[in-house]
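**Student:** predicted structure and sequence below. I'll ask about it afterward.
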Amino acid sequence: MRSEMRRGPMLLSMLAFTVSGLTGCAGGPPIAATRAACSSLLPNEWRSGVPGAPLPEGNTVGDWIAFGDAQTAQLDKANGRTADAIGIVGRCEARDRAAVETVRPKFLGLF
C-alpha cells in the first residue's frame with residue numbers, strides 16, 4: 001500500500017514554504033526618494049528667461065548690425081541655459097537612481 005499525503009496539509013506546507021521565500025523580497029524597508037529635488041538645483045533667475053536685446057535707437061545699418069549681434073548673444077545665453085538645465089537635471093536624476101539602486105535590498109543577490 002502506497003502512502004499519500006493528505007491534500008490539506010500538503011497545500012498548507014506548500015503555502016508556508018512559498019510565503020517564507022517571499023519575505024526576502026518584501027521584507028525590506030520602503031525607499032523614499034524625492035522626485036522634485038533636481039529642479040531646485042537650477043538658479044531662480046532662470047525662471048524669468050533671457051530678455052531680448054533692446055531695439056536700436058538709430059536707423060543706420062551699423063545700429064542694426066550691433067542689435068543683431070546683441071540679439072544673437074542673448075540667444076546664445078538662452079540656449080546655454082537650456083543645455084545647462086538639461087545637464088544638471090540629468091546628472092541629478094542619475095545620482096538619485098544610483099543611490100536608490102545601492103540601497104534597494106536584493107533577493108538572493110540577483111534581483
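**Tutor:** Structure's in. What do you need? Numbers count the residues shown, from 1 in each chain.

**Student:** pull the longest helix from the protein.
**Tutor:** helix 61-103 (DSSP state H).

**Student:** report the rounded mean pLDDT for that helix.
**Tutor:** The pLDDT scores in helix 61-103 average 91.

**Student:** same question for stretch 41-57.
**Tutor:** Computed over stretch 41-57, the average pLDDT equals 90.

**Student:** got the contact list for that stretch?
**Tutor:** 63-64, 66-67, 70-71, 73-75, 77-78, 81, 85, 88-89, 92 (CB atoms under 8 Å, 6 or more residues apart in numbering). All C-beta atoms are positioned from the backbone trio N, CA, C, and that covers glycine.

**Student:** repeat the analysis, applying 7 Å as the threshold.
**Tutor:** 63-64, 66-67, 70-71, 74, 77-78, 81, 85, 88, 92 (CB atoms under 7 Å, 6 or more residues apart in numbering).

**Student:** now the buried members of those.
**Tutor:** Among the contacts of stretch 41-57, those classed as buried by 16 or more other CB atoms under 10 Å are 67, 81, 85, 92.

**Student:** any idea which of the residues you listed is closest to residue 40?
**Tutor:** Nearest to residue 40, judged by CB to CB, of the buried ones among the contacts of stretch 41-57 is residue 92 at 9.2 Å.

**Student:** thought that closest one was touching residue 39?
**Tutor:** No. Using CB atoms under 7 Å as the test, residue 92 is too far from residue 39 to be in contact (8.6 Å).

**Student:** which element, helix or strand, includes the residue nearest to residue 71 when sequence neighbours are not counted?
**Tutor:** Nearest residue to residue 71 in three dimensions, chain neighbours excluded: residue 53, at 4.3 Å (CB to CB, 6 or more residues apart in numbering). Using DSSP states H and E, residue 53 falls within no helix or strand.
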